[in-house]
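Colleague: okay, predicted coordinates and the sequence, questions at the end:
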Amino acid sequence: MSVLDLARAEIRAMQPYSSARMEASGGRVMLNANESAWAPPGDHELACNRYPDPQPAALVEALARLYGVRASQVLVGRGSDEAIDLLVRAFCRAGEDAIAIQPPTFGMYAVSARIQNAEVVTVPLAADFTLDVDAVLGAVTPAVKLVFVCTPNNPTGQLVPQADVERLVQALAGRALLVVDEAYIEFSDAPSVAPLIDRYENLAVLRTLSKAWALAGARIGTLLANEEVIALLKRIMAPYPLPRPCVALALEALSEAGQVSARAHIATVRDERGRMARMLGHAPGVREVLPSAANFLAVRFDDAAAVYQRLLDAGIVVRDVRRYPQLGDALRITVGSPDENDRVLDLLNQPAAEGRTFAEGTAMGKQA
Ligand SMILES: *Cc1c(COP(=O)(O)O)cnc(C)c1O
């Protein structure tokens, strides 16, 4: 059996849209796509009057090199959110199939499933936020076509050991595709599981330029998977998903100079994460700082709602994660610049009443 047998039969059978750029490119006089012959104002050699390449080879190859896979195993989309959506639409029949997730985890898996009317099977993380491989496998009914595993997990920050990923992917062979979301892996000490896609056709890995590569605004996410899965998803993807300016920004980020800069920022975030975890651990009102391998910390407070409001009054916005199971007393705080982190620490180390004075006396709220 092939992993494609898990996908929707009608998707495998359908005739994909054939765009002008797919049918012919490379001519010198392009009169086949109803584009304007004139570049728009402010276009500095981007040629935005022309539709972009659906999957620009230079970007696909740069990402394949970066992630250590072949170009045929790469699909680039509008953030990894798009890849999540494409996977759910290609593998889950509405009203029949399901995905499996381990809450508390990233919300988009369930959102994409609900849009597709696919059921969401939940297997909560253990009390210490580790993933229970046997419990996940026990919950995988024949309806479950996709199992999402987030490592490091958002919002808890924990890594899933590679041995657990391998045990899952082996046990799921012929039953479901294992989708490992490594949005934050650059901030951890763990290697990516991407090299394993050569061994397991039912393994897919999500990567993104949104976090460690400072390009959240450009929306560049990557799915790494068996080339048959990649080819299937290309059939249902939007015709021109990658705007030319975004591709240019991504290529610049992946250049040698861009990589040096990204590595320096990752090192700073890791240092600051350690400092923040230590300092927050001693701050008044903090119950616990969960260990994190990502660029954020989940922090439990005696009164998380009050801390959230105090921070907000000072112009500091953190993520309220109290609605997530097992995190009813927690906030998720992104590791910022050293100066931004100092502001958080200063505020939390002040008695509550003084916090307001601090808020009024700072220009923080105007910085957004
Ligand atoms: C931020 C995030 C993403 C989304 O990344 P985009 O590439 O910006 O769509 C995916 N997965 C997790 C776990 C995230 O936290």
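Modeller: Sure, I can see it.

Colleague: can you tell me the SS state at Leu146?
Modeller: Assigned by DSSP: H, G, I helix; E, B strand; the rest coil, the conformation of Leu146 is strand.

Colleague: find the nearest non-adjacent residue to it, please.
Modeller: Spatial nearest neighbour of Leu146, excluding adjacent residues (CB to CB, 6 or more residues apart in numbering): Ile99 at 4.5 Å. All C-beta atoms are positioned from the backbone trio N, CA, C, and that covers glycine.

Colleague: do the helix or strand containing the one you found and the ligand meet at all?
Modeller: Using DSSP states H and E, Ile99 sits in strand 98-101. No. Using CB under 6 Å from any ligand atom, strand 98-101 stays clear of the ligand, with a minimum separation of 11.0 Å.

Colleague: strands paired with that strand, and their directions?
Modeller: When pairing is defined by DSSP bridges, strand 98-101 lines up against strand 119-122 (parallel), strand 144-150 (parallel).

Colleague: residue contacts, Ile197?
Modeller: Val69, Gln73, Leu203, Ala204, Val205, Leu224, Ala225, Asn226 (CB atoms under 8 Å, 6 or more residues apart in numbering).

Colleague: typo on my end, it should be Val335
Modeller: Val335 neighbours (CB under 8 Å, 6+ apart): Val269, Glu272, Arg273, Met276, Asn295, Phe296, Leu297, Asn341.

Colleague: and the nearest residue to Tyr17 once chain neighbours are set aside, how many neighbours does it have?
Modeller: Distance criterion CB to CB, 6+ apart; nearest residue to Tyr17, sequence neighbours excluded, is Pro239 at 5.8 Å. Look at Pro239: counted by other CB atoms under 10 Å, it has 14 neighbours.

Colleague: for the contacts of Ile197, which one is nearest the ligand?
Modeller: Lowest distance from the ligand to the contacts of Ile197 (CB to the nearest ligand atom) belongs to Val205, with 11.5 Å.

Colleague: from what I can see that closest one touches Gly221, true?
Modeller: No. Counting by CB atoms under 8 Å, Val205 stays clear of Gly221, with 11.3 Å between them.

Colleague: picking that back up, any chance of the contacts of Ile197 in a markdown table, plus neighbour count, secondary structure and distance to the ligand?
Modeller: Shown next, in a markdown table, are those (neighbours: other CB atoms under 10 Å; DSSP: H, G, I helix; E, B strand; the rest coil; distance: CB to the nearest ligand atom, whole Å):
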| residue | neighbour count | secondary structure | distance to the ligand |
| --- | --- | --- | --- |
| Val69 | 22 | coil | 17 |
| Gln73 | 23 | helix | 18 |
| Leu203 | 27 | strand | 17 |
| Ala204 | 28 | strand | 13 |
| Val205 | 26 | strand | 11 |
| Leu224 | 29 | strand | 13 |
| Ala225 | 28 | strand | 15 |
| Asn226 | 21 | coil | 20 |
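
Colleague: the ligand contacts on the chain?
Modeller: So the chain meets the ligand at Gly79, Ser80, Asp81, Phe106, Cys150, Asn154, Asp181, Ala183, Thr208, Ser210, Ala216, Gly221 (CB under 6 Å from any ligand atom).

Colleague: what pLDDT is listed against the closest residue to the fifth one other than its chain neighbours?
Modeller: This points to Cys150. In space, and not counting its chain neighbours, Cys150 is closest to Asp181: 4.4 Å by CB to CB, 6+ apart. If you check Asp181, the pLDDT there is 98.

Colleague: alright, I will stop here.
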